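Trainee: okay, structure incoming, though there's no sequence with it:
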């Protein structure tokens, strides 16, 4: 569905000196610098895939999305979306894609929401039957009827994001680009949005590229992630694989009936070579360990032999920590 081959995007910046003198000098002889926003990236995305495209601010995510949508022309390389070169045939490309920007809306601010959908229906030449069927589906998944008669400017952020998702899918696009779709939403609204995106991906087999800083979005929606750093892809692979490779640390948290007093004995029993650390606050004990070297059963057996354990929980490494470690290591295609 999407083919990106050795794509780069450079921006030219002109530096000017300070004050009036610098302004005048810069007018005649400004120093030119080249900023490499995206540097020689290549990837393919299959039909129906949901891919997380993540990175720090300035990593090149939005620049890539703008090239895929045809807004920007690559400096080098080739892009094809559903067989179309986006910047060469923007009109044909626009008919096959949907875009949602968390900070912007494609809806008409002063019109009732239902009128915005009617306008988009005519723009994309959606038939009456398809329009009715899709609006019924959107109402089932996104509950639009609760506010469909309200002007867009009166909608809450969560309502507007649901409306934007529906608007982007009204013409049944082959590819959907989601740029921070859950930004600013509360926990309940985020969960509803994720469920809606999953349902629409399953129903329409829409290919989805998701850029976000919310790692919960990635874990809930994507089986594959690409990580950008300074315009280069430093990881492209399966989400579970990245967890298996970098998420080797687990955390065992226990609540004891009496204060923990065997710290030295515990460390002696489990060699420091096994990457084990322990923190305790009276009856609360937190043990971090490498699951490749130490089994949960070993730790729990030791604790239950020495203490009465009232409660326990086990947690994997947070995806945020995994991504941070990849940035630090700058590992490519693990």
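Mentor: On my side now, so go ahead. In this text, all values refer to a predicted model and were calculated from it rather than measured experimentally.

Trainee: going by C-alpha atoms from here, please, whenever you check contacts or count neighbours.
Mentor: Fine.

Trainee: just checking, residue 314 touches residue 250?
Mentor: Yes. In this structure residue 314 lies within contact range of residue 250 using C-alpha atoms under 8 Å: 7.0 Å.

Trainee: the two: which has the busier surroundings?
Mentor: Each of residue 314 and residue 250 has its neighbours counted (other C-alpha atoms under 10 Å); residue 250 has more, 20 against 13.

Trainee: the strands in the stretch 101-250 of the chain, which residues?
Mentor: In the stretch 101-250 of the chain, the segments counted as strands under DSSP state E, counting those that start in this stretch are 175-179, 207-211, 224-229, 232-238, 249-256.

Trainee: how far away from the center of its chain is stretch 259-278?
Mentor: Relative to the mean C-alpha coordinate of its chain, stretch 259-278 is positioned 38 Å out (C-alpha atoms, centre = their mean, to the nearest Å).

Trainee: now it: buried residues?
Mentor: 260, 266, 270, 276-277 (16 or more other C-alpha atoms under 10 Å).

Trainee: what mean pLDDT does it get?
Mentor: On average, the pLDDT along stretch 259-278 is 73.

Trainee: which residues sit against the longest helix seen in the chain?
Mentor: Using DSSP state H to define each element, the chain has its longest helix at helix 187-204. For helix 187-204, the surrounding residues in contact (C-alpha atoms under 8 Å, 6 or more residues apart in numbering) are 48, 141-142, 158, 162, 172, 182, 206-208, 217, 220-221.

Trainee: averaged pLDDT, stretch 303-319. What do you get?
Mentor: 84.

Trainee: next, format the strands of the stretch 101-250 of the chain as TSV and append mean pLDDT and distance to residue 76.
Mentor: Shown next, in TSV, are the strands of the stretch 101-250 of the chain (pLDDT from 0 to 100; distance: least, C-alpha to C-alpha, whole Å):
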stretch	mean pLDDT	distance to residue 76
strand 175-179	90	22
strand 207-211	91	22
strand 224-229	88	18
strand 232-238	86	14
strand 249-256	88	41
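
Trainee: low-scoring pLDDT stretches of the stretch 1-150 of the chain, where are they?
Mentor: 16-17, 19-28, 30, 102-103 (pLDDT under 70).

Trainee: pull out the buried residues from the strand or helix carrying residue 8.
Mentor: Using DSSP states H and E, the element containing residue 8 is strand 2-15. The neighbour-count check on strand 2-15 (16+ other C-alpha under 10 Å) flags 2-5, 7-9 as buried.

Trainee: now those residues in CSV, with distance to residue 326?
Mentor: What follows is the buried residues of strand 2-15, written out as CSV (distance: C-alpha to C-alpha, whole Å):
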residue, distance to residue 326
2, 25
3, 25
4, 23
5, 24
7, 23
8, 22
9, 24
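
Trainee: tell me which of those residues is nearest to residue 130?
Mentor: residue 2 (25.7 Å; C-alpha to C-alpha).

Trainee: which of the contacts of helix 187-204 fall in helices?
Mentor: Judged by DSSP H, helices contain the following of these: 141-142, 158, 162, 217, 220-221.

Trainee: out of these, which are buried?
Mentor: Buried among these (16+ other C-alpha under 10 Å): 141-142, 158, 162, 217, 221.

Trainee: surely residue 166 meets residue 138?
Mentor: Yes. With contacts counted by C-alpha under 8 Å, residue 166 reaches residue 138, the gap being 6.2 Å.

Trainee: between those two, which is the more surrounded one?
Mentor: Using other C-alpha under 10 Å, the more surrounded residue of residue 166 and residue 138 is residue 166, with 26 against 22.

Trainee: residues touching the more buried one, list them.
Mentor: 138, 142 are the contacts of residue 166 under C-alpha under 8 Å, 6+ apart.

Trainee: distance of it relative to residue 100?
Mentor: 10 Å (C-alpha to C-alpha, to the nearest Å).

Trainee: mind putting the contacts of helix 187-204 into CSV with distance to residue 13?
Mentor: Shown next, in CSV, are the contacts of helix 187-204 (distance: C-alpha to C-alpha, whole Å):
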residue, distance to residue 13
48, 38
141, 45
142, 43
158, 37
162, 38
172, 39
182, 32
206, 37
207, 35
208, 33
217, 34
220, 39
221, 37
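
Trainee: all helices for the protein, in order.
Mentor: 19-29, 61-69, 90-96, 113-123, 128-142, 157-169, 187-204, 215-221, 239-246, 263-269, 296-306, 319-329.

Trainee: so what touches the third one?
Mentor: So that's helix 90-96. Contacts of helix 90-96 (C-alpha under 8 Å, 6+ apart): 69-71, 81-82, 84-86, 124, 171-175.
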